[in-house]
Structure formats: C-alpha cells, structure tokens
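Okay, here's the prediction I keep looking at, along with the sequence it came from:
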Amino acid sequence: MTVNKVSRREFLRIGAVTAAGVALAGCGATPAPTEPTAAPTAAATAVPTEAAAQVEQVLRLITDRVEMDWSPFRGGGANTRVLSLWWTPPSYYDGDGKLFPALFTEWSPNSDFTVWTFKLRDDVKFSDGSPVTAQDTVATWNVMALPATQHQRIGLFISGVVGFQEASTGAATTMPGLVAKDDYTVEVTLTAPDPVYYMRVGSSLISPAKASQCVGPDGQEVLEWWHTKNGVVSSGPFVPESMDMDKGEVVFVRNPHFFGPAPKLDKVTVITVPDAAVATTMLKNREADGHLSLLTATTIDDLGADFLAGPMIPKGQHFWFHANRKPTDDPNVRKALLMAINYDELFQVSFPKGPNAKATMILNAVPGADDPEYVPFPYDPDGAKAALAASSYGSAENLPKMMFVGISFPAAEAAAQYIAEQWRQVLGIQSVEMKAQYDEYSGPDQENVQIFRDDVATRFPDTVAYLQGSIHSGSGNAQGKMGGYANAEVDRLIDEAATKGTDDPDRVNLAMEAHRLFREDWQFIPWYHESNGKMSMPWVQEHVLNMDWQRVDPWEIFIEA
C-alpha cells in the first residue's frame, strides 16, 4: 500500500489566520494561534516503511464497557474518546497543549471580549458531500445545551453565552448569543468579557454535526440520529460503517469526503472486552492495538511503560479538606495533618513505576506551574505535633474519627492507607475510616466526612481556568469537596486575572499570587498530576492523545510491522 505523507503544517495551511492575528492585535488580544514555526520533529515526519505498508492498516481499539448510546452530544462515556475519528472539531489541542485550527480558521473579539467572531473553512464536508456550515454549528451547540440532551460538559464551553441559562433549564431551545452571520461565520455574544473564549471551544466534545439530521422540528435531539442504521454522516477522517450496540462493536472506515489528508489507516474497530486481564492478553498477543481506558495495578508490568507514557495534562488528583466540619475546620489541625505526610513516600506507594508525577501544588501543564515563589508543604513531624498541640483540640485523643471518601481505586487506597499510617505514627491518630462512595457512609457519619479524594482540571491550558475550577469559591470543588471554602482575596485575584488578555503577564501573575495565597489556608493534600498515556502498543505509530483524550491528527496513525 502506498501512503502519501501530508504534514500537519500542510494540512493546516490557512492563509486567513494572518488576518485574524492582525484583527486580534488591533484590540489588544493575543493573535489566534498559527502553525508552529519550528520544523516538525522526526516523530512527526515518520513515514510508514515498506514493511508497514504491507501490514493490514486496521487499528483495533478495546473498550471495557458496552455503551448503547454513541451520540457525540453526551460529553462523556468511553466512546467520547474516539470523537476525533469521525468529527471535525472547531479547533483542537495537540499532545503538548498547542492549539490548532480545524473547522474554525480564524477568530477575533470585539474591544471588551464580549463578542467573538469565528470564521469557518469553506471546504469541510460531511461524508455525504454536503458542507459543514455556520448554521450547523449554531444548531448543534443549541441542542447540546438542552437538558434533554444530557451533555455532561457543555457548560465548560458555552455557559457564558447569552441565553445558555434559559436553554440549559429547558426554558428555551435556542440561545440569542449564537448567530450564524452567513454560511461560514459564527458570532458568539457572551454575558461577560472572556479574553480566552477562543481557547475554550478547542474541543472535539462540541464538534458540529449536520443540523438537518440531528435536530428535530421541536429543537430537540433526534433519537439515534448518530446510528449507522439511520444513515449518519460525519465530518472527520473516518465515518462509521457499522454499529452493533448489543455486541459492543463499532467499525469506522475512511470518509471519502474528508477535507484533509487521506488517513493512513483503512479502518478502525472498537470492540468491547469487559475483563481487563483478557484485554491485556489480547494486547500482548497483538490481537488488539490499543485501549480506551485500561489502567490496572500491573499495566506497566504487563504492557510496558510506553503504553502509559505521554505528556502531562492540566489535571491533578488530590485529597481535599472540608473547611466546615470537625476537626478540619481548625487551620492548625489541617496544618498538622499536612506536615505529618512525607510526600515523596506518598507518591511512591501510589505509583512506584509511574506514569504520573508527584504533585506539590495544584497548577501543572499551564503557565505559572513552575512558580519559584510557591513553597511546597513540608514534611515536618515536629512541626505537625506542635500545630496539633496549638489547635483547639490539643491532642489526637480529642479528635473525632477521620473519614475519607473517594477511595475508589487501588492507587487511592494505597495513598489513603499511607496517609492514615503517617497520622498514626506522627500524631497518634488511631480512628480513621475510608470508603469509595459518599453514600456508603450512613447516619451522622455521612454528614461528618472531612476528606474527599477527587480531581481538578481544566479542559484547556489556562492558569486562570484551572484555579477558577478548583479554588475559587464559586467552583464546585470549593463548594462541595471543601465544604464552602472561600477566601475573598483569592477570589479577587482570580477574578481580576480573568479580565486580562492572554498577552498580558498579569493574567498569570495574579493567578499565581492567588495560588500561593490559597496554599496558606492548608486546604488540601497534594497527590499526583496526570500524564496522558497513549494507551497503545509499540507498533502503533503517531498515536498521540490530547487533554480531551482525543487522537491527535488521526489521519497520521499507522500500524508498523
């Protein structure tokens, strides 16, 4: 088989981006990202060998669950991880967090960042040959916002659009803030300034579909429009050929009308194998090539470190203290609990072979994550004992039972048990309990859980967005896991940073100041930052995942002998 290599630079050559940069620069914003100026790396320019060309170019992916609903409008589920195979996103991030245009070729705001104008490529087509238009984009985003659609993450992308509140509650079926100015121009009006809105929409989770196929006369999503039995059309490099929901098998083939380079793969299959051990054996025996979500305690031993190797993404797993429950309502108790932990050992017992990285702070994989002024929590047993003695409780004997929740996978269990043992040895705390789910506690205990294991993340690499979703008092994390945590100065700094453009250093500087100030409240146990493993075997080339768990440039993937 002869395969022609077309680089991302060639694929994304869009002269109009220069004009977008000029427009943005004129209003004080950062220009829309263009193609990287550096030469492609050797990996990026790899070409299938003659031997590889003789290998059947079929990528066989495993999922561990049967999912009957494959609508791209759900924003969640394992099948969401293959959206880039069959849909063209507005724009997308590569594995290193760089933004690239796709359907949208240029973007520009008005002077106060409340109105954004996006230009679409005019050569993007659905698999039936019809164009992808601004009208399709607006209709798709409208229907994604509706409660009946149940898109799990739509608020991350368009919650700031005028009319989103009404649409998300079912009071309206369209948003006045979304307008198709012509076939290839979308205008978005926001309720408040957002200098990074163009970054928010860089995701396959909001890829436009064909409006006449997916939106009914009532404005609601058409039932099973996405199924091959209903003649679904898509816009990505592949199109589904067959879907057997009962068997849990979906087959994708090349999209004859894809506007980009012809994929090097002929076909992609997704099969369901619930048992992790069976899936691992299939991968080792080359009966499958990759997995959508495999992560067991022995994955690295079984499949090698390369299977889970990948760039760091802006996501971390930590243990959060409830600010309004005893005894973690006392700052000195929180300080004692934190200083009793050896963070090197905490990470080692959790991930002795990787692939993740030890966390000392919240920020990672965003500007400011290398803040030299941030001081990690110390391991200081004597300081921990002194802090507990200075607390309102005085000693461990006076503390209520310490309760963890979210201990729902082996690494979390290992980490929580290590923390509990450190508290016992250093502070004398004897009564500790841990459960997977909140509702596993009952009676008074359920209202007294003090320690919550959960992740925080941002869907795009922005420092402010990361902190808005983790430590700002308006975040779900602060309201839920930290029990109504609020620091007025932290909020003020984050809110001010959010008004700055991406070319203004104060956007990051103010956010870092808020981050350092939050540290002084001793509100969380830092655990680990996540890497984005490629989840594929060594013979799969150019298989890179981004922070959305999407295959970056899927047309480049090929199977090597």
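Perfect, I can see it now.

Show me what the helix or strand encompassing residue 526 pairs with in its sheet, parallel or antiparallel.
Using DSSP states H and E, residue 526 sits in strand 524-531. The strands beside strand 524-531 in its sheet (DSSP bridges) come out as strand 312-321 (antiparallel), strand 357-358 (antiparallel).

what residues does it touch?
Residues outside strand 524-531 that contact it (Cβ atoms under 8 Å, 6 or more residues apart in numbering) are 308-313, 315-321, 337-338, 341, 343, 346-347, 350-351, 354-362, 364-365, 376-377, 415, 419, 451, 453, 455, 482. (Glycine included, C-beta is placed from N, CA and C.)

rewinding a little: please identify the deepest-packed of the strands paired with strand 524-531.
Here the criterion is mean neighbour count by mean count of other Cβ atoms under 10 Å, and of the strands paired with strand 524-531 the winner is strand 312-321, at a mean of 23.

after that one comes which helix or strand?
According to DSSP H and E, the helix or strand after strand 312-321 is helix 331-339.

ok, back up a step: between the strand holding residue 526 and helix 331-339, how big is the angle?
40 degrees (axes from the mean of the first three to the mean of the last three Cα atoms, to 10 degrees).

which parts of strand 524-531 are buried?
Buried residues in strand 524-531, counted by 16 or more other Cβ atoms under 10 Å: 524, 525, 526, 527, 528, 529, 530, 531.

Thought residue 402 was touching residue 450, still the case?
Yes - with contact defined as Cβ atoms under 8 Å, residue 450 reaches residue 402; the gap is 6.4 Å.

now the buried residues of strand 524-531 as JSON lines including pLDDT and distance to residue 136?
Output for these, formatted as JSON lines (pLDDT from 0 to 100; distance: Cβ to Cβ, whole Å):
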{"residue": "524", "pLDDT": "98", "distance to residue 136": "42"}
{"residue": "525", "pLDDT": "98", "distance to residue 136": "46"}
{"residue": "526", "pLDDT": "98", "distance to residue 136": "43"}
{"residue": "527", "pLDDT": "98", "distance to residue 136": "42"}
{"residue": "528", "pLDDT": "97", "distance to residue 136": "40"}
{"residue": "529", "pLDDT": "97", "distance to residue 136": "37"}
{"residue": "530", "pLDDT": "93", "distance to residue 136": "34"}
{"residue": "531", "pLDDT": "90", "distance to residue 136": "35"}
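
Just the closest of the residues you listed to residue 299, please.
Nearest to residue 299 among these, counting by Cβ to Cβ, is residue 531 at 12.7 Å.

how much space between that closest one and residue 494?
26 Å (Cβ to Cβ, to the nearest Å).

returning to that earlier point: next, format the strands paired with strand 524-531 as CSV and append distance to residue 502 and mean pLDDT.
As requested, the strands paired with strand 524-531 are exported to CSV (distance: least, Cβ to Cβ, whole Å; pLDDT from 0 to 100):
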stretch, distance to residue 502, mean pLDDT
strand 312-321, 15, 96
strand 357-358, 25, 96
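
Adding distance to residue 67, write these out as TSV.
Below are those laid out as TSV (distance: least, Cβ to Cβ, whole Å):
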stretch	distance to residue 67
strand 312-321	23
strand 357-358	31
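
after the helix or strand where residue 60 lies, next one along is what?
Counting by DSSP H and E, the element that carries residue 60 is strand 58-63. Tracing the chain C-terminally past strand 58-63 and defining elements by DSSP H and E, one meets helix 83-86 next.

In the protein, what helix or strand scores lowest on average pLDDT?
helix 16-26 (a mean of 33; mean pLDDT, DSSP states H and E).

sorry, back to before: from the buried residues of strand 524-531, pick the one nearest residue 382.
Closest to residue 382, out of all of the buried residues of strand 524-531 and judged by Cβ to Cβ, is residue 525, at 19.2 Å.

Can you tell me who the closest one pairs with across the strands?
residue 319.

how near is it to residue 537?
Distance from residue 525 to residue 537, by Cβ to Cβ: 35 Å.

Quick check: which element contains the residue nearest to residue 472 when sequence neighbours are not counted?
Counting by Cβ to Cβ, 6 or more residues apart in numbering, residue 472 lies nearest to residue 494, which is 5.1 Å off, once chain neighbours are set aside. Element membership for residue 494, per DSSP H and E: helix 488-497.

Now do the buried residues in that helix.
For helix 488-497, a neighbour-count test (16+ other Cβ under 10 Å) marks 490, 491, 493, 494, 496, 497 as buried.

Stretch 389-401 too?
Buried-residue list, stretch 389-401, by 16+ other Cβ under 10 Å: 391, 393, 396, 399.

Repeat that for stretch 244-252.
245, 248, 250, 251, 252.

which outside residues touch that stretch?
63, 65-68, 70, 79, 82, 85-86, 227, 238-243, 267-272.

hmm, which of those residues are the buried ones?
63, 67, 70, 79, 82, 85-86, 238-240, 243, 267-272.

Next up, phi/psi of the nearest residue to residue 363 once chain neighbours are set aside, please.
Leaving aside its chain neighbours, residue 363 sits nearest to residue 369 (4.2 Å; criterion: Cβ to Cβ, 6+ apart). Backbone dihedrals for residue 369, given as degrees, to the nearest 10, come out at phi -70, psi -10.

Verify the stated contact: residue 369 with residue 362.
No - applying Cβ under 8 Å as the test, residue 369 and residue 362 come out as separate, 9.0 Å apart.

more crowded one of the two?
residue 362 (24 against 20; other Cβ atoms under 10 Å).

Quickly note the distance from the more buried one to residue 477.
Taking Cβ to Cβ, one finds residue 362 at 10 Å from residue 477.

Who are the contact partners of residue 449?
Contacts of residue 449 (Cβ under 8 Å, 6+ apart): 322, 325, 403, 404, 405, 438, 441.

Could you rerun that using 10 Å?
Shown in contact with residue 449 (Cβ atoms under 10 Å, 6 or more residues apart in numbering): 322, 325, 401-406, 433-435, 438, 441, 483.
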